[in-house]
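In: using only what follows, build the 3D model:
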Amino acid sequence: MPARSSRRTMLRFSTLAMVGLLSGCGSGSGQTSPSEPSKELNLYAWSEYIPKEMLTHFTQQTGIKVNYDTFSSNEELLAKLQAGATGYDLVIVSDYTVAILRGQDQLEPLDKAQLPNLINIDDAFKHPPYDPSSQFTVPYQWGTVGLAINTDKIKQPITRWADLWNPAFKEKIVLLDDEFEVLGMVLQTLGLDKNTKDPKQLEAAKVKFASLRPNIKLFDSDSPKTALLAGEVAMGMVWNGEAALAYRENPKIIYICPQEGCGIWHDSWAIPKGAPHQDAALAFLNYSLTPEAGMLITREFPYSNPNKAALNLLKIKDPKAYKVYMDSPSTNPPPAFIKAAKPVDEKGDATPQWDRVWTEIKGGS
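Out: This next block holds a predicted model:
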């Protein structure tokens, strides 16, 4: 079931009071009139991704109740929005998903005047290729998709995705339940484009994957670290934040970018078309950009943080945590790691072909 934030004491704030509390947040251009500011906010995001403490602080400061529903894949998000789900005020969208939603006119343009805390975002993340003018999105977190290895269980060196095919790893591997990352990885082991639209190359990946199937214990995009920490598997394809959390509990779990190339992704906030509480959405966006909120995000869900002010605050408030963040390839990947990284691109007309091959792979056909 989706997690829900607890309801706090609901104080009715005027628009000007909200502006003062949130360092410049205004009422926005939402459907609620300025004289009647919104009292609730409906978020739709990945599970295990937004700190409860952050939601609590926002509610305490603004009196806005936050409802937090979760999804487990970008495709689940797309399906819901494309089906006409209009009750959400803010969603978290991954890079290629933004391009799809923009093309379908599913996103509201942002009122930048209500987002003065955008100044805290590192310049490198302000004009992403999927939203060059930053008209529709606000950066939340970014990261990589690599290989987490429990070095207590696997003694031989692992340097490539192709090493996963070793018969010695029968039922010792967890993979993300993500067709674009998994199929992309298989294509890379064949020396092919991770984002190919060639049906013959996708069929070749399907054949290649069949020989890996005995080594796969499970698919899990929500929390692949769980199987690693429980000892159910010895290694797996994971999100970088999952690797960082796993390392906190077991320093024997290392994180690498395989030679064929790891994945790289960027997640952003966006307001769906027709969101009912756009004033609350803008207030939350501006709050999420404060150094204090950004520090909470990194402490609890240590992916890579585009908020430079938050990292500077972490350095002051918690030097040890800052050092761990900066020293880890999972949160602060070195240049060689990034150079080898390959993003997921929109598949366009080839999407049905990808979907079919993925369904057949998951079904074992």
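In: can you give me the helices for the stretch 201-350 of the chain?
Out: Secondary structure of the stretch 201-350 of the chain (DSSP state H, counting those that start in this stretch): helices at 225-230, 240-249, 278-288, 291-300, 308-317, 319-327, 335-339.
In: the stretch 51-200 of the chain too?
Out: 52-62, 74-82, 95-103, 179-189, 199-210.
In: closest one to H266 among those?
Out: Of all the helices of the stretch 51-200 of the chain, it is helix 95-103 that lies closest to H266, at 4.8 Å by C-beta to C-beta. Any C-beta I mention is one placed from the backbone N, CA and C, and that applies to glycine too.
In: who are the packing partners of the longest strand seen in the chain?
Out: Ordering each strand of the chain by length in residues (DSSP state E) puts strand 138-150 first. Packing partners of strand 138-150 (3 or more C-beta pairs under 8 Å, 6 or more residues apart in numbering; DSSP states H and E): helix 225-230, strand 235-239, helix 240-249, strand 253-256, strand 263-270, helix 278-288, helix 335-339.
In: ramachandran coordinates for the residue lying closest to N195 once chain neighbours are set aside?
Out: Leaving aside its chain neighbours, N195 sits nearest to D345 (4.2 Å; criterion: C-beta to C-beta, 6 or more residues apart in numbering). In terms of degrees, to the nearest 10, the main-chain angles of D345 are phi -100, psi 160.
In: for D345, the count of nearby residues, please.
Out: D345 is flanked by 18 other residues according to other C-beta atoms under 10 Å.
In: distance check, it against R160.
Out: Distance, D345 to R160, using C-beta to C-beta, to the nearest Å: 22 Å.
In: equivalent analysis for Y140, please.
Out: With distances taken as C-beta to C-beta, Y140 is found 31 Å from R160.
In: which one of the two has more residues nearby?
Out: Y140 (25 against 15).
In: which of the helices of the stretch 201-350 of the chain sits most buried?
Out: helix 278-288 (a mean of 27; mean count of other C-beta atoms under 10 Å).
In: helices and strands around that one, which ones?
Out: Other elements packing on helix 278-288 under the criterion 3+ C-beta pairs under 8 Å, 6+ apart are strand 40-46, helix 52-62, strand 90-94, strand 138-150, helix 291-300.
In: tabulate the ones you listed (CSV), appending distance to N120 and mean pLDDT.
Out: Converted to CSV, the helices and strands packed on helix 278-288 look like this (distance: least, C-beta to C-beta, whole Å; pLDDT from 0 to 100):
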stretch, distance to N120, mean pLDDT
strand 40-46, 20, 95
helix 52-62, 15, 96
strand 90-94, 18, 96
strand 138-150, 10, 97
helix 291-300, 6, 96
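In: need the contact list for the closest residue in space to D122 that isn't next to it in sequence.
Out: Excluding the flanking residues, the one nearest D122 by C-beta to C-beta, 6+ apart is K308, at 4.4 Å. The neighbours of K308, taking C-beta atoms under 8 Å, 6 or more residues apart in numbering as the test, are N120, I121, D122.
In: same thing but at 10 Å, please
Out: Listed by C-beta atoms under 10 Å, 6 or more residues apart in numbering, the contact partners of K308 are I119, N120, I121, D122, D123, A124, F125, P291, G294.
In: the last one touches Y325, doesn't it?
Out: No: G294 is beyond contact range of Y325, at 11.9 Å (criterion: C-beta atoms under 10 Å).
In: geometrically speaking, which residue is the centre of the chain?
Out: Closest residue to the average C-alpha location of the chain: D267 at 4.8 Å, with C-alpha atoms, centre = their mean.
In: what residues does that one make contact with?
Out: So D267 contacts 45-46, 49, 74, 92-95, 97-98, 137, 139-143, 303, 306 (C-beta under 10 Å, 6+ apart).
In: what's across from it in the sheet?
Out: Note on D267: beta-bridge partners S94, Q141, judged by DSSP bridges.
In: so what pLDDT did it get?
Out: With respect to pLDDT, D267 scores 97.
In: and if you look at F71?
Out: On the pLDDT scale, F71 is placed at 89.
In: how about it: what's its closest non-neighbour residue?
Out: F71 sits nearest to L77 (C-beta to C-beta, 6+ apart), 5.0 Å away.
In: ok, the one you found - contacts?
Out: By C-beta under 10 Å, 6+ apart, the contact set of L77 is 44-46, 71, 85, 88, 91-94, 97, 101, 272.
In: ditto for I119
Out: Contact partners of I119, counting by C-beta under 10 Å, 6+ apart, are K126, L289, K308, A309.
In: now for the second one: which residues touch it?
Out: With contact taken as C-beta under 10 Å, 6+ apart, L289 is in contact with 22-23, 25, 115-121, 138-140, 269, 306-307, 309-310.
In: of those, buried ones?
Out: Buried by 16 or more other C-beta atoms under 10 Å: 22, 25, 115-118, 120-121, 138-140, 269, 306-307, 309-310, out of the contacts of L289.
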